[in-house]
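Trainee: Need a 3D model of the following:
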Amino acid sequence: MKVRKAVIPAAGLGTRMLPATKSIPKEMLPIVDRPAIEIIVEEAVKSGIEDILIITNRGKCAMEDYFDYNPEVEQSLKKSGKDDEYELVRGLANMANIVFVRQKETKGLGHAVWRAKSFVGNEPFAVLLGDDIMVSPEGQPPVTKQLIDAAEQHTASAVGAQLVDSKDIAKYCSLKVDLIKDNVFHVTDAVEKPRPEQVFSNYAILGRYVLMPKIFEILENTPPGFGGEIQITDGLNTLCKVDKMVAVDFVARRYDTGNLKGYLETIIDFAMKDDRVNDWLREYMREKSGAGV
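Mentor: Numbering: from 1, shown residues only. As a prediction, this is how the structure comes out:
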């Protein structure tokens, strides 16, 4: 079992980040000097993924342009002797084999993933949500690779999960799990946006999946659920009852860039780790703090 393909659903309307996302895809909002989508693609590539499908919708052509060649810019950089910048820009188009398909109707995450059926074919694949950036500690593999390893070891679908606060579980999904070993659990049930009486545990899926192709048939026959949309969790609830599924309590810090607070946290933390600006930023924040701002 080898996971070679990844799907990145990036067709959301970005309503939590308006007005910027009225004309700019939320996945293209910069994290310091790189758009969020590049960081997510990079995680997939570092996890051994060779082919990537990004699911978009109307008004998100900027992502396609970003991962394409730009002869005018490249020629200008070459002429100016800016070889490092040239290699940086040119390299974006060569990160992986990246293709795009549109989700023509906003019918939910489950429907977006189902749109990848012809791309995936009959093989396991990874799903990385476009809002979630994962930063693994030094020496730890990317979250997608953690899931791939667990899926291969257990010959099962795998979902990335972590414990969330009881007051927040209703914003996510709730998993019914039994410990297998260390940070890997057997999943036997799942519910999206649970009411208090529906909560199985405080383990929730957070932005990363490795799925068997059987999910496509299931999603095709999954009726709309919460919010009138086809929910991926409803499909997973069916999948875990007919096929083995594990949850991996992954080792990484998750950033939710789809809301203003999470987006600002991401920028600040990434800038603090950037040698070009971290000293300046620390001093700037000290000055602001001293001024009572």
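Trainee: Would you mark the buried spots in stretch 21-35?
Mentor: By neighbour count with 16 or more other C-beta atoms under 10 Å, stretch 21-35 contains the buried residues 21, 24-29, 31-32, 35. C-beta: built from backbone N, CA, C; applies to glycine.
Trainee: Out of the residues you listed, give me the two with the largest separation.
Mentor: Within these, Thr21 and Val32 form the most distant pair, 18.7 Å apart (C-beta to C-beta).
Trainee: Show me the contact partners of stretch 275-288.
Mentor: Residues outside stretch 275-288 that contact it (C-beta atoms under 8 Å, 6 or more residues apart in numbering): 32, 268, 271-272.
Trainee: give me the low-pLDDT residue ranges for the chain?
Mentor: Scanning the chain for pLDDT under 70 picks out the ranges 291-293.
Trainee: where do the helices sit along it?
Mentor: With DSSP state H, the ranges of helices along the chain come out as 36-46, 61-66, 71-79, 83-92, 109-114, 117-120, 143-154, 214-220, 232-242, 260-272, 278-290.
Trainee: just the ones you listed: most buried one?
Mentor: Ranked by mean neighbour count under mean count of other C-beta atoms under 10 Å, the helices of the chain are led by helix 109-114, which reaches a mean of 24.
Trainee: what helices or strands is that one leaning on?
Mentor: strand 5-9, helix 214-220, helix 232-242 (3 or more C-beta pairs under 8 Å, 6 or more residues apart in numbering; DSSP states H and E).
Trainee: what does the second one contact?
Mentor: By C-beta under 8 Å, 6+ apart, the residues outside helix 214-220 that reach it are 110-111, 113-114, 116-117, 120, 157, 230, 232, 235-236, 238-239, 242-243.
Trainee: Tell me how many other residues crowd the closest residue to Lys107 other than its chain neighbours.
Mentor: Excluding the flanking residues, the one nearest Lys107 by C-beta to C-beta, 6 or more residues apart in numbering is Ile230, at 5.4 Å. The number of residues packed near Ile230 is 22, by other C-beta atoms under 10 Å.
Trainee: if I look at Ile230, how far off is Gly160?
Mentor: For Ile230, the distance to Gly160 (C-beta to C-beta, to the nearest Å) stands at 21 Å.
Trainee: just Lys78 next, same as before
Mentor: The gap separating Lys78 from Gly160 is 41 Å, by C-beta to C-beta.
Trainee: I'd like to know how far Leu18 sits from Leu88.
Mentor: 31 Å.
Trainee: Throw the helices and strands packed on helix 109-114 into a markdown table and include distance to Asp182, thanks.
Mentor: Listed next are the helices and strands packed on helix 109-114 as a markdown table, based on distance: least, C-beta to C-beta, whole Å:
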| stretch | distance to Asp182 |
| --- | --- |
| strand 5-9 | 25 |
| helix 214-220 | 26 |
| helix 232-242 | 20 |
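Trainee: Looking at those, spot the one closest to Lys171.
Mentor: Between Lys171 and the helices and strands packed on helix 109-114, the shortest separation by C-beta to C-beta is 12.4 Å, and it involves helix 232-242.
Trainee: Dump stretch 201-213 to PDB, keeping only the CA atoms.
Mentor: The C-alpha atoms that make up stretch 201-213 are tabulated as PDB, following Å, rounded to 0.1, in the frame of the first residue of the first chain:
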ATOM      1  CA  SER A 201     -15.200  11.500  23.100                       C
ATOM      2  CA  ASN A 202     -13.200  14.800  22.800                       C
ATOM      3  CA  TYR A 203     -11.200  13.400  20.000                       C
ATOM      4  CA  ALA A 204     -12.000  15.400  16.800                       C
ATOM      5  CA  ILE A 205     -10.700  15.100  13.200                       C
ATOM      6  CA  LEU A 206      -8.500  18.100  12.500                       C
ATOM      7  CA  GLY A 207      -7.700  18.600   8.800                       C
ATOM      8  CA  ARG A 208      -5.800  15.500   7.700                       C
ATOM      9  CA  TYR A 209      -7.000  12.200   6.300                       C
ATOM     10  CA  VAL A 210      -5.700   9.100   4.400                       C
ATOM     11  CA  LEU A 211      -8.600   7.300   2.900                       C
ATOM     12  CA  MET A 212      -9.300   4.200   0.900                       C
ATOM     13  CA  PRO A 213     -11.100   4.600  -2.400                       C
END
